[in-house]
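>>> model this:
(one chain, ligands or ions: 2)
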Amino acid sequence: MMERIVWEDKKYSVGQEELDNQHKKIFELINQLSAQGQVDVDSELVSTVLEELLHYSEEHLRYEEEVLMQCSYEDFDAHRQQHWQYLEKISNLSVAAMAHENKVPDEIIMFLREWWTGHILSEDMKYRSALEKGKDKA
Ligand SMILES: [Fe+2]
Ligand SMILES: [Fe+2]
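Ligands and ions are numbered 1, 2, ... in the order given. The predicted structure follows:
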């Protein structure tokens, strides 16, 4: 059984409430998806959570890019590229996942867990100070 991803402010906060809330919501959806992988549920429920996750994470990335653009984040292009790579990978994986009857393949859950925790900790954290400076200017 896969462990839940547990949100900790100290570990994951990027210092902006809306972004933190969105990251929290993404963790929640990933946890829901991993829990459902273990039990027999109808495929509709699984694909609903997966679809919500795909949709919500895309919205988040778009919002985050807007915030980063507004504070003239210097590594914006590289950051956006990471987002694009994620979107490409997840859309390929989810085509396969949707074909499964009542389980989300572990592969997609593993990818989501690793990508989101890794991206927040190593990439999103880099814009923390740029956001702080942006706050001072406002
Ligand atoms: Fe990001
Ligand atoms: Fe993010």
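>>> now the helix or strand hosting R62, how far from the centre of its chain.
Element membership for R62, per DSSP states H and E: helix 43-70. Its chain's average C-alpha position is 7 Å from that of helix 43-70, according to C-alpha atoms, centre = their mean, to the nearest Å.
>>> for G15, which non-adjacent residue is spatially closest?
Distance criterion C-beta to C-beta, 6 or more residues apart in numbering; nearest residue to G15, sequence neighbours excluded, is R128 at 5.2 Å. Yep, even glycine has a C-beta here, placed from its N, CA and C like the rest.
>>> would you map the helices across the chain?
Using DSSP state H, the helices of the chain run over 9-12, 17-38, 43-70, 76-98, 106-118, 128-137.
>>> can you lay out these as a markdown table showing mean neighbour count and mean pLDDT?
A markdown table is the format used below for these (neighbours: other C-beta atoms under 10 Å; pLDDT from 0 to 100):
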| stretch | mean neighbour count | mean pLDDT |
| --- | --- | --- |
| helix 9-12 | 11 | 97 |
| helix 17-38 | 17 | 90 |
| helix 43-70 | 16 | 89 |
| helix 76-98 | 14 | 90 |
| helix 106-118 | 17 | 93 |
| helix 128-137 | 13 | 80 |
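>>> out of those, which gets nearest to ligand 2?
Closest of the helices of the chain to ligand 2 is helix 43-70, at 4.7 Å (criterion: C-beta to the ion).
>>> just checking, what packs against the closest one?
helix 17-38, helix 76-98, helix 106-118, helix 128-137 (3 or more C-beta pairs under 8 Å, 6 or more residues apart in numbering; DSSP states H and E).
>>> mind checking how far the spatially closest residue to W115 that is not a sequence neighbour is from L29?
The shortest distance from W115 to any non-neighbouring residue, by C-beta to C-beta, 6+ apart, is to Y86 (5.8 Å). Distance, Y86 to L29, using C-beta to C-beta, to the nearest Å: 15 Å.
>>> ok, now E132?
For E132, the distance to L29 - C-beta to C-beta - is 28 Å.
>>> K133 and F76: what is the separation?
Taking C-beta to C-beta, one finds K133 at 14 Å from F76.
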